[in-house]
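**Q** okay, predicted coordinates and the sequence, questions at the end:
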2 protein chains.
Amino acid sequence: MYENDHTPIRNEAPEEYMQIFEDVCRQKKLRITPQRLEIYRELARATDHPTAEMLYQRLSTKMPSLSLDTVYRTLGTLISHDLVHKVESTQNQARFEVQHIHHHHVICRKCNAIADLTWNLVDHTNLQDELHAWGKVERAHMVVYGTCVACRVSKE
Amino acid sequence: MYENDHTPIRNEAPEEYMQIFEDVCRQKKLRITPQRLEIYRELARATDHPTAEMLYQRLSTKMPSLSLDTVYRTLGTLISHDLVHKVESTQNQARFEVQHIHHHHVICRKCNAIADLTWNLVDHTNLQDELHAWGKVERAHMVVYGTCVACRVSKE
DNA sequence: TCCGACATAGTAATTATTCTTATATTTTCT
DNA sequence: AGAAAATATAAGAATAATTACTATGTCGGA
């Protein structure tokens, strides 16, 4: 499971997911505001792991009064409740996604595109034993580096 | 292979490594300046994956005229020649290390400590086949999250 | 519908990193 | 060793990225 340049930037976020989102928010006593709904919806339908700035741009037509700060603040809130995932990388601008199912990432060194990747072998490894003395292990994300086909062709 | 709070922040960087560093620099036509030597030495002996700022602090006694910009610039140069590795994470302040042998990381969600971890299963998997259509794969790093023993004890 | 708690917008401030320019240093060539 | 050419550095300024402040607005329960 991966994407490339031909993959559209957006899916439609099924209303089902929005319903689940609202339910989880209610469970966790998070207020359901239009900003949170729209930010979540936009991120859930994105396939390109956008930055906060990108989300802000994409939403500014719909919500002209939205502020970038709200995007950051909302993402932070949703992350702390595990509704949004911040992608691990070495870039200085943070990138975000909704992880409906746990997966890993491949990052193109040239264009910085991030694609999804599933890898069950890793997911099923029990690290807790090995890391017992370190502490309590939660989850592992893999970051694979390479050069995507689009960038290989235009070998600049 | 991991570290915890009891692990000292520094090893001694064997002079052997410094010799290798100089040799590689000469091969790659990188000028060997005192700043580069000291920054590399300090990073090579660090076990805590320091930030640029931390390196700057640690070196400022030895080299009072060193500038933070030089630390960033030097790290950037060394990274582009594969002599230094920028650690993948979700933090906004970048962290660095010298990877004498390829390894992965465990990050404590509470104190942000980063420890090393070897994971042969990952290293020996050939991803290239699976990702053939995506492009050319280079390397994979795992980022494991959890809570380190020190933070678990002081369950704040 | 009204109240209290929390979220937002707009602006300002921090933090992190990179750029600019003049000077200094390294390397290479002699 | 000495000098020229090329590159690195320091200092301060600039930019980029993220977060804080505060007054106002809105959500959701009574």
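**A** It's in.

**Q** got the angle for the lengthiest strand in chain A vs strand B:135-148?
**A** The residue-count maximum for a strand in chain A (DSSP state E) belongs to strand A:135-148. Relative orientation of strand A:135-148 and strand B:135-148, computed by axes from the mean of the first three to the mean of the last three C-alpha atoms, to 10 degrees: 160 degrees.

**Q** can you give the strand pairings for strand A:135-148, parallel or anti for each?
**A** According to DSSP bridges, strand A:135-148 forms sheet pairs with strand A:104-108 (parallel), strand B:135-148 (antiparallel).

**Q** reformat the ones you listed as TSV; add mean neighbour count.
**A** For every residue, glycine as well, the C-beta is placed using N, CA and C. Below are these laid out as TSV (neighbours: other C-beta atoms under 10 Å in any protein chain shown):
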stretch	mean neighbour count
strand A:104-108	23
strand B:135-148	20
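
**Q** turn these into CSV, columns for distance to A:Thr70 and mean pLDDT.
**A** Output for these, formatted as CSV (distance: least, C-beta to C-beta, whole Å; pLDDT from 0 to 100):
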stretch, distance to A:Thr70, mean pLDDT
strand A:104-108, 26, 97
strand B:135-148, 27, 96
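
**Q** closest to DNA strand D out of these?
**A** Closest approach to DNA strand D among the strands paired with strand A:135-148 is made by strand A:104-108 (15.5 Å; C-beta to the nearest atom of the strand).

**Q** ok, residues contacting the closest one?
**A** Strand A:104-108 is contacted from outside by A:2, A:49, A:87-89, A:113-119, A:122, A:141-148, A:151, B:131, B:134-135, B:137, using C-beta atoms under 8 Å, 6 or more residues apart in numbering or on different chains.

**Q** 6 Å - rerun?
**A** Strand A:104-108 is contacted from outside by A:114-115, A:117, A:119, A:141-145, A:147-148, A:151, B:134, using C-beta atoms under 6 Å, 6 or more residues apart in numbering or on different chains.

**Q** picking that back up, what residues sit buried inside whichever helix or strand comes after the longest strand of chain A?
**A** Heading C-terminal from strand A:135-148, the first helix or strand you meet, by DSSP states H and E, is helix A:149-153. Buried residues in helix A:149-153, counting neighbours by 16 or more other C-beta atoms under 10 Å in any protein chain shown, are found at A:149, A:151.

**Q** how many residues are close by the closest residue to A:Ile32 other than its chain neighbours?
**A** Nearest non-adjacent residue to A:Ile32, counting by C-beta to C-beta, 6 or more residues apart in numbering or on different chains: A:Cys25, 5.2 Å away. A total of 20 residues lie near A:Cys25 under the criterion other C-beta atoms under 10 Å in any protein chain shown.

**Q** same check, this time on A:Glu12
**A** Neighbour tally, A:Glu12, other C-beta under 10 Å: 9.

**Q** so what's it closest to, chain neighbours aside?
**A** A:Arg45 (5.9 Å).

**Q** if I look at the residue of chain A most remote from its centre, how far off is B:Val122?
**A** Most distant from the centre of chain A: A:Ala133, at 30.7 Å, with distances by C-alpha atoms, centre = their mean. Here the criterion is C-beta to C-beta, to the nearest Å. By it, A:Ala133 lies 20 Å from B:Val122.

**Q** got a list of what the most centrally placed residue in chain A touches?
**A** The structure's chain A has its C-alpha centroid closest to A:Glu97; by C-alpha atoms, centre = their mean the separation is 1.2 Å. Contacts for A:Glu97 (C-beta under 6 Å, 6+ apart) come out as A:49, A:85.

**Q** rewinding a little: dump the strands paired with strand A:135-148 to CSV, plus distance to A:Met18.
**A** Shown next, in CSV, are the strands paired with strand A:135-148 (distance: least, C-beta to C-beta, whole Å):
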stretch, distance to A:Met18
strand A:104-108, 24
strand B:135-148, 27
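
**Q** for A:Asn11, find the nearest of these.
**A** Nearest to A:Asn11, of all the strands paired with strand A:135-148, is strand A:104-108, at 17.1 Å by C-beta to C-beta.
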